[in-house]
Structures are given as structure tokens and as C-alpha cells.
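Chemist: I'll drop the sequence and a predicted model, then ask my questions.
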2 protein chains.
Amino acid sequence: MTHATERSPEGRPARPTLEAVARRAGVGRGTVSRVVNGAPGVSEQARAVVEQAIAELGYVPNRAARTLVTSRTDAVALVIPETESRLASEPFFAQIIRGVASELSETDMQLLLILVRTDQERTRLASYLSGHRVDGVLMVSVRTDDPVLDLLERIGVPAVLGGRRSLTEPLSYVDCDNRGGAQSAVRHLVRRGCTRIATITGPLGMEAGRSRLLGYRQALEEVGLPYTEELVVHGDFTEETGHRMMAGLLRQRPDLDGVFAASDLTAVGALRALREAGRGVPDDVAVVGFDDSSVARHTDPPLTTVRQPTEQMGRTMARLLLEEIAAPSRTHHRVELPTELVLRASA
Amino acid sequence: MTHATERSPEGRPARPTLEAVARRAGVGRGTVSRVVNGAPGVSEQARAVVEQAIAELGYVPNRAARTLVTSRTDAVALVIPETESRLASEPFFAQIIRGVASELSETDMQLLLILVRTDQERTRLASYLSGHRVDGVLMVSVRTDDPVLDLLERIGVPAVLGGRRSLTEPLSYVDCDNRGGAQSAVRHLVRRGCTRIATITGPLGMEAGRSRLLGYRQALEEVGLPYTEELVVHGDFTEETGHRMMAGLLRQRPDLDGVFAASDLTAVGALRALREAGRGVPDDVAVVGFDDSSVARHTDPPLTTVRQPTEQMGRTMARLLLEEIAAPSRTHHRVELPTELVLRASA
DNA sequence: AGGCTTCGTGGGAGCGCTCCCATCACCATC
DNA sequence: GATGGTGATGGGAGCGCTCCCACGAAGCCT
């Protein structure tokens, strides 16, 4: 009798089961299961024998079997609704992914990535989520009217958002202090002497867009500068609209001397428009962005911007989600992380 | 008798099972299973009744139960070994993810994302893969000596690499024409009159690094320019070493008039060193990068670079993997996609 | 000494599905 | 009319695990 691994008819080594481990260790299935799951009520001696057998056989629990009976899946989904190609151009998403993955890697939770682009994929996602295929859901870049979020609330899956839909977000979320960050950006422009400060907003369908606009407004008001519609143009975080809006702004208000762009990409577009218009940055017009994405360091001139702790946001989201999965409760978590103004040459 | 959903003791609606559908449709489990899986041998009539019942009950198959018996998991893993913070700074990874996700979204395969940073995580990955928890594996940014790859070969999981370990890669892979791309970059430098062309290589532990160096060498040789060790310095695709290596190069060979950087990030570092040394780009020194990552458009001057079809690579990888899963065979796939030189202002 | 917990343990039941085989109705054939 | 397909169907067995209950061996109290 050798120690040769059991083999199925085709000759591939058959994976050892709980049963096999139990037989080898000379104990019952229950005991092995308790050892594997770290459950109490196992004698030191039994535990040792079982662990030995597990090692010898190279036993790895069958996740599907476990899921079938516990109906835990040990998986969480990270949902990224990436309209356009923002995923590729904005390091934001990659950093969130990094944070989430690194927090999860210490547990044995699997990370499922779900990119949602079309409405059709949105529908699939809905049926996916109602199929209880994950223990929890992380979702970033949320828009106020996203129907998937209502679904999440309705079916009661543990969920944590990156960002929020409104100031009264009912779901758990992790956000950065968008309002405060914007305010500090505009305060900086004021401090350096700008008096006619415009803003190119983000999409107002996202709370981040609205809050950054609010921060702009509050910073103006606190120093008594007028808030005028003329100096507020609406963008969508992309470079392209940043460029177009800035060009329009210059035509409308040639006298402006400062711009707060609601994202770095928007700022990049704005810088281009300013260059084309022959305006010097920061001397004629000072520019501040938001995000501190990797382009910020490479623009000409390098961009003064508001850094948000993206990776930490991802990490926090994952941690909160794990907590909610472990101890489901009606109370939701709300976390707001601070931002930081990064001074470079553009303002 | 109402149509009310069955409920478990806690009041949460119980998910309908195959059995429930069968009862409602007045057929056996077998028939429902055949309908759900699109298997032949079901009468039109039975199919209609079953589909009706499925719709009424909102039945969604339990994946775990299915996996338990078929030992298919309907999931593939995308493994990204991201030493340092390359994931965040290089859009490469995000684009690969996009490509993979978009190809997969048309099937009902799940995408599992696995980031591997430490050696400990590497070990976990190994045990993960030997646990047969996915039907296939995608892996990018492969290093020649990565032990995980041997493991993949050994356990025979379907796998497709993004990039390859050597020119004789035994596993299936999708790569871009690194050698040809580098060659076209250097040819361009030659064409614009450069005669003392240096290169800052990528890590030579990756085939991409070696092939790009080879392309550089071949381009020189075909026009009779000498290949000298002095003009070849070794980097690792990062900005930081690009900067340091370029500075060293300038000290060593102040007469150089062209640089081929093996990545855009490296080129960015090189541009900075050149600026600090007071050299004009492209007039004193022309610079070409590789990747056409998003920074390339924003550098000063904008970077001439070699575009690789990253998203298409991701898409192709996923497609090949699905094929290998569907029809396992000993023959592996090798795909090499073309690159394209993108002319901007730096050369 | 007898009854009481307490602890460690074994193993039956069952999660929801697929696989496969036995069955049956039906029709074509000799 | 008996025979032999053929195609549709139902349901048993079993995938590998957790849950839980029953059981025996100690240890504790009165």
C-alpha cells in the first residue's frame, strides 16, 4: 500500500475531500470540518492529527460545496459604471481597485470586478445581484439617479458606495470632503489675488460635482466675492469639455483671472484652451484642478490640485463592507476622508 | 391559494429552486434543467410551460449547486502582479481590464481580479489556483522567472498570458510586436537625422524589455550605425529610473542626439532630466517613448511614442481563454498584434 | 454512589443542481 | 399484430460540505 494519490479514471489526481481527510486522520467528518473552520470544541490532539492529514493530502476545501450549504459566497463585487473611457484615463479607478484588493487580500474573499457600460449590462447586473451571487457590493462613481442603487437597497445586500448620491445617502458610503477640498482650492486662488474666479463643474448628477460647486461658492461668499452664473459653466469631468468650456468662458468673460476645474482632466483641457488663447498660466489666469491624478504632475505648467486619498478610500470601502457582511445591521456607515491641496505651478 | 412567494422563517423571500419551477410547470426536474441549459430533447410545449414558470417565479439557477456537480466554476481570474504602484500610474492595466471585461460581459463568465504584490500573496495565489477555483487564468506583465507560471503549466489550467516569458513561450499568449515597434521608433529617429541614439531599456527580466532592446539594435544595424554598450542603459519602465538613467547618460555621452525610452513613463523621466540639463527637445535631443499611455499627450513637448493596442490585447486574451476552456487542447495559441508609431512633438 | 452537566465526537440529513438510466408513448416496419 | 426503434420525460443518485443532534466519557455536585 503506497501513499499514491487517488486518481479518477482519466488519470488526473482526484482532489481530496473532507471525507478523505477524516478517514486518514481516523476521525469523523464533523471534526475535520471544525478544524478547517477554526470552530471551538476540538481537542488539541484531534486538531493535530487532522492538520497533519490535511497537509499530507494537500486538502483544499471545495468552495462550491460550502457555498451551497451556507449560502455565503465569500465573494464581493466591485461595480464600476464606466461611461466612456474614464476607466483608462483616470487613475482614480485603478487606485480604488488597488485599495479594495489590498484590503481583501488579507481575508479569503474573492474580488469580482463588474464593469457596466451599457444599459443592457445594467440589466444583467440587476439580475446578477438579485441572484445572491455575492456577499456584498462595492460601487463607485455613483450617479444620483442610478436604478441599481435602489435595487441594492431593496434586496438588502450589504453595500458600500464610493461617493454618495446626496447628502442624505441612505446606503453606507466612503467619500472624500469634496466641498472642503473645493473650498480650499478657491481660497488659494483668492489668497494669490484672484478676484474673478470661474469654475468648470463636474456632472451635477453626481454629488461630487455638486459638492465641489458648493465649496467654490462658499469660498467666494466667505470673502465677499460675488457668485455669478456667468462664471459657472458645466462640465462632466472630461478633458474635452474642459477645453470647450474654458474657450467659451474666455469669450464670455475675458477678464477672468482664476479657474477652479472640478477635475484634473478638466483642468488639462482648460490649460490647452488658455494656451490657445495666449493667456499665461498662472500669471494671467491661475488654474486649480481636483484629484491629483497622475497627469497633474506632467502638465505645462504642473497643476496645483486637490488630492483625494483614493487608495485609502478603496481600502476603507472594503473594510466597511466586510464589517457589514460579518454583522448585518440597520445602521449604515458614513465616512468622509479629508483632502489636501497640492501646490504646483499652475496657481 | 395566493401567488405569494414562499418565505423562510425569517420572512425573507426564499429563492425558488429547480424543483419549485418543475412543480409549478407540472414537469420533472430533468425537463426544467434541460430547458435552463438549452439542451436538446425538449418538446416545444414543455419548453413553453417551463419558461413561463421560470418567469413567474423569477427563477435564477444556483451557481454553487451547479459548480458542485459539474466542477465548472464559470469564472476566470485576471492576475496582475503589480510591483510598486504601476497599476495606478499605467493605464496599461486599466485598458487590459477593460478589454477583458468587455469580452467576458457577453458570456456569463465572472471576472475575478487578483492583485499580487508580495511573495506571500504569490503563495496564496498558488494554493488558490491549485484549488481549481477558476476555469481559466489570464495573467499580464509576466516576468521570465515567475514560479506561478510553472505552476500553471503543471496543473494544466487553461491560461493565456499578456506578453510572454520568451520567444518560445509554451503557454498561450497575446503580445504586441515589441521588437517591430521599437524598430519603427528608432528608424524614425534615424530618419530625422539622429546618429547617436541611446536607449533606456525596460526590465530585461521581461520579454517586452528584451524585445524592445532587440528592435533598437536591429534598427541601428540596418542603417549601419554602431551598437555600443555605452548608449544602452537599463531601466525598469518607471519614471524615476528614466530620470536617473537619462541624467547619467548625458554625463557619459553629452553628444547624444536621440533617445528611445522603452516606456512612456521612462520617457517622461528622461524629458525631465533633459530639461534640467538645458537640452532642447526635440532639437538637441529627440525622444521617443513606448505605450502611448495617457501621459504621452500631456508631456512638454508631447511625446512621440509607439502605440500598442492594449484594449484589443485584453479582448483577445479573454477570447482565446474562452476557446481553450470550451475545447481544451494541447495546441496553444500565439498572437502578436501590430503596433503603430504616433508622431507628436518630441521627435 | 447516583445523577448532573460538560466536553469532544461521529455521522445523518440535506443544500440545489446535473447526470444518467429506466420508462413510456408513439410511430414505422416486417 | 408483433417488433423495434425514436424522442420526450421523470426521478434516483450523488457532488462535498455544514449543521445539528445524539452519544459516550469524564468530571462535578449533592
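Modeler: Received the coordinates, thanks.

Chemist: how near is A:Thr168 to A:Glu207?
Modeler: 10 Å (C-beta to C-beta, to the nearest Å). Glycine gets a C-beta too; all of them are placed from N, C-alpha and C.

Chemist: next one: A:Gly131
Modeler: On the measure of C-beta to C-beta, A:Gly131 and A:Glu207 end up 29 Å apart.

Chemist: for DNA strand C, what is the nearest residue in the stretch 201-347 of chain A?
Modeler: Relative to DNA strand C, the nearest point of the stretch 201-347 of chain A is A:Pro328 (19.4 Å; C-beta to the nearest atom of the strand).

Chemist: residue contacts, that residue?
Modeler: A:Pro158 (C-beta atoms under 8 Å, 6 or more residues apart in numbering or on different chains).

Chemist: so A:Gly131 and A:Glu207 - more neighbours on which side?
Modeler: When A:Gly131 and A:Glu207 are compared for neighbours, A:Glu207 comes out ahead with 24 against 16, by other C-beta atoms under 10 Å in any protein chain shown.

Chemist: nearest spatial neighbour of that one, skipping sequence neighbours?
Modeler: A:Arg164 (5.1 Å; C-beta to C-beta, 6 or more residues apart in numbering or on different chains).

Chemist: what's the local residue count around the one you found?
Modeler: So A:Arg164, with other C-beta under 10 Å, has 24 neighbours.

Chemist: same deal with A:Arg72?
Modeler: 13.

Chemist: need the contact list for it.
Modeler: A:Arg72 makes contact with A:Arg66, A:Asp135, according to C-beta under 8 Å, 6+ apart.

Chemist: do the same with A:Arg187
Modeler: Counting by C-beta under 8 Å, 6+ apart, A:Arg187 has contacts A:Ala219, A:Glu222, A:Val223.

Chemist: now the buried members of these.
Modeler: Among the contacts of A:Arg187, those buried by neighbour count (16 or more other C-beta atoms under 10 Å in any protein chain shown) are A:Ala219.

Chemist: quick check: residues of the stretch 51-200 of chain A near chain B?
Modeler: Residues of the stretch 51-200 of chain A found near chain B (C-beta under 8 Å from any C-beta of the partner chain) are A:58, A:60, A:62-65, A:67-68, A:71, A:73, A:75, A:78, A:82, A:85, A:87-89, A:91, A:93-95, A:97-98, A:101-102, A:105, A:110-115, A:117, A:121, A:124, A:127, A:130-133.

Chemist: let's see which of these end up in strands.
Modeler: A:Ala75, A:Leu78, A:Gln110, A:Leu111, A:Leu112, A:Leu113, A:Ile114, A:Leu115 (DSSP state E).

Chemist: between these, which is nearest DNA strand C?
Modeler: The closest of these, once distances to DNA strand C are taken by C-beta to the nearest atom of the strand, is A:Ala75, at 17.0 Å.

Chemist: so the closest one makes contact with A:His132?
Modeler: No. Assessed by C-beta atoms under 8 Å, A:Ala75 is found out of contact with A:His132, at 10.8 Å.

Chemist: and these two? Which one has more around it.
Modeler: Higher neighbour count among A:Ala75 and A:His132: A:Ala75, with 20 against 17, using other C-beta under 10 Å.

Chemist: which residue sits closest to the more buried one, ignoring its sequence neighbours?
Modeler: A:Ala75 sits nearest to A:Gln110 (C-beta to C-beta, 6+ apart), 4.1 Å away.

Chemist: sketch out the low-pLDDT regions of chain A for me.
Modeler: Applying pLDDT under 70 to chain A picks out residues A:1-13, A:83-89.

Chemist: show me the strands in it, by range?
Modeler: So, for chain A - with DSSP E - the strands run A:75-81, A:110-116, A:136-140, A:159-162, A:172-176, A:197-201, A:232-234, A:258-261, A:286-291, A:304-307, A:334-337, A:340-342.

Chemist: okay, those, which one's buried deepest?
Modeler: strand A:258-261 (a mean of 30; mean count of other C-beta atoms under 10 Å in any protein chain shown).

Chemist: elements contacting it?
Modeler: Counting contacts by 3 or more C-beta pairs under 8 Å, 6 or more residues apart in numbering or on different chains; DSSP states H and E, strand A:258-261 packs against helix A:178-191, strand A:197-201, helix A:239-252, helix A:264-276, strand A:286-291.

Chemist: which parts of the fourth one are buried?
Modeler: Using 16+ other C-beta under 10 Å as the burial criterion, the residues of helix A:264-276 that qualify are A:Asp264, A:Leu265, A:Thr266, A:Ala267, A:Val268, A:Gly269, A:Ala270, A:Leu271, A:Arg272, A:Ala273, A:Leu274.

Chemist: distance of the closest residue to the fifth one other than its chain neighbours from DNA strand D?
Modeler: This points to A:Val268. Excluding its sequence neighbours, the residue lying closest to A:Val268 (C-beta to C-beta, 6+ apart) is A:Glu239, at 5.1 Å. Distance of A:Glu239 to DNA strand D, given as C-beta to the nearest atom of the strand, to the nearest Å: 50 Å.

Chemist: number of nearby residues for A:Glu239?
Modeler: With other C-beta under 10 Å as criterion, A:Glu239 counts 23.

Chemist: tell me the contacts of it?
Modeler: A:Ser89, A:Leu265, A:Thr266, A:Val268, A:Gly269.

Chemist: which residues touch the residue nearest to A:Glu207?
Modeler: A:Val142, A:Leu171, A:Tyr173, A:Asp175, A:Glu207.

Chemist: next, format these as CSV and append distance to B:Glu44.
Modeler: As requested, those are arranged in CSV below (distance: C-beta to C-beta, whole Å):
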residue, distance to B:Glu44
A:Val142, 44
A:Leu171, 45
A:Tyr173, 50
A:Asp175, 54
A:Glu207, 51
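
Chemist: of the residues you listed, closest to DNA strand D?
Modeler: Using C-beta to the nearest atom of the strand, the contacts of A:Arg164 come closest to DNA strand D at A:Leu171, 27.2 Å.

Chemist: what values do phi and psi take at the closest one?
Modeler: Dihedral angles phi and psi of A:Leu171 (degrees, to the nearest 10) take the values phi -80, psi 160.

Chemist: which ones are touching it?
Modeler: Per C-beta under 8 Å, 6+ apart, neighbours of A:Leu171: A:Leu149, A:Leu152, A:Glu153, A:Ala159, A:Val160, A:Leu161, A:Arg164, A:His332.

Chemist: then A:Arg217?
Modeler: A:Tyr227.

Chemist: residues from the stretch 1-150 of chain A in reach of DNA strand C?
Modeler: A:26-31, A:33-34, A:40-43, A:45-47, A:65, A:68-69 (C-beta under 7 Å from any atom of the strand).

Chemist: count the residues that sit near A:Leu68.
Modeler: So A:Leu68, with other C-beta under 10 Å, has 17 neighbours.

Chemist: quick one: it and B:Arg66, what's the gap?
Modeler: In terms of C-beta to C-beta, A:Leu68 sits 10 Å off from B:Arg66.

Chemist: same check, this time on A:Arg272
Modeler: When A:Arg272 is compared with B:Arg66 (using C-beta to C-beta), they lie 53 Å apart.

Chemist: please apply the same query to A:Leu113.
Modeler: 22 Å.

Chemist: do A:Gly41 as well
Modeler: 33 Å.

Chemist: what's the answer for A:Asp108, then?
Modeler: 22 Å.

Chemist: A:Val79 is in contact with A:Val148, isn't it?
Modeler: Yes. At 7.4 Å, A:Val79 counts as touching A:Val148 under the criterion of C-beta under 8 Å.
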